[in-house]
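Peer 1: With the input below, show me the fold.
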Amino acid sequence: MIATVLPRTIVVIDDDATHRELVVDALCNAGHRVLAANDVDGGTAILEGERVAPALIVLAWSLPAVRGLELMGALAGDRRWRAVPVVVLADAASGSRVPSHAAAVLSRPPRMRTLLDVVARLSGAAPAPAHVAQRHGRGKPTRAIKKPFIDAHAKTTPHQLRRHGPT
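Peer 2: Purely as a prediction, here's the structure:
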């Protein structure tokens, strides 16, 4: 009998379509199942719609700060999501605003090799092959930020939610 390894589900919440697609593509190429939303409401809808908690959440800290703080608080306060690590992507100016319970804070946009390494470490997935990150990053280490920030303008409708990767 051949063992089947199911892909780990990762939720990506980012209001910038370009950054979101870069992250989604890199994670899909690394073999993850990715669910993406362009705002906190869409991300919450994805979390509520899944029967099993995701292995990890990637959250852009460029959405409105209050919404990001609300989401981080909701995740920490809900037993279903409390153990789900959150990787925050932030610029240097907003890094100090990220709650200390974020599992990791990376610069935005992140170096894909660094993002994939952090995702593998936090989700328990096997590290992505080097060639996966080479297509999406320059192979240089990402500058780590101590803490980051969030900003979402548009409401996410069900047709805007995108499901990526193996189903």
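
Peer 1: Look at D91 and say how many residues are nearby.
Peer 2: 15 (other Cβ atoms under 10 Å). C-betas here are computed from N, CA, C, even on glycine.

Peer 1: And it, how far from R108?
Peer 2: Applying Cβ to Cβ, to the nearest Å, the value for D91 to R108 is 6 Å.

Peer 1: ranges for the strands of this structure?
Peer 2: With DSSP state E as the criterion, the chain has strands at 9-13, 33-37, 56-60, 86-90, 104-107, 162-164.

Peer 1: Mind putting the ones you listed into a markdown table with mean neighbour count and mean pLDDT?
Peer 2: Putting the strands of the chain into a markdown table (neighbours: other Cβ atoms under 10 Å; pLDDT from 0 to 100) gives the following:
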| stretch | mean neighbour count | mean pLDDT |
| --- | --- | --- |
| strand 9-13 | 26 | 95 |
| strand 33-37 | 24 | 95 |
| strand 56-60 | 27 | 93 |
| strand 86-90 | 25 | 91 |
| strand 104-107 | 20 | 90 |
| strand 162-164 | 15 | 46 |
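
Peer 1: Let's have those in TSV, adding distance to E50.
Peer 2: Listed next are the strands of the chain as TSV, based on distance: least, Cβ to Cβ, whole Å:
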stretch	distance to E50
strand 9-13	7
strand 33-37	7
strand 56-60	11
strand 86-90	15
strand 104-107	22
strand 162-164	11
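
Peer 1: among those, which is nearest H19?
Peer 2: strand 56-60 (6.5 Å; Cβ to Cβ).

Peer 1: who does the closest one pair up with?
Peer 2: strand 9-13 (parallel), strand 86-90 (parallel) (DSSP bridges).

Peer 1: Give the burial count for R97, as a bare number.
Peer 2: R97 - counted by other Cβ under 10 Å - has 16 other residues nearby.

Peer 1: distance of it from L47?
Peer 2: 22 Å.
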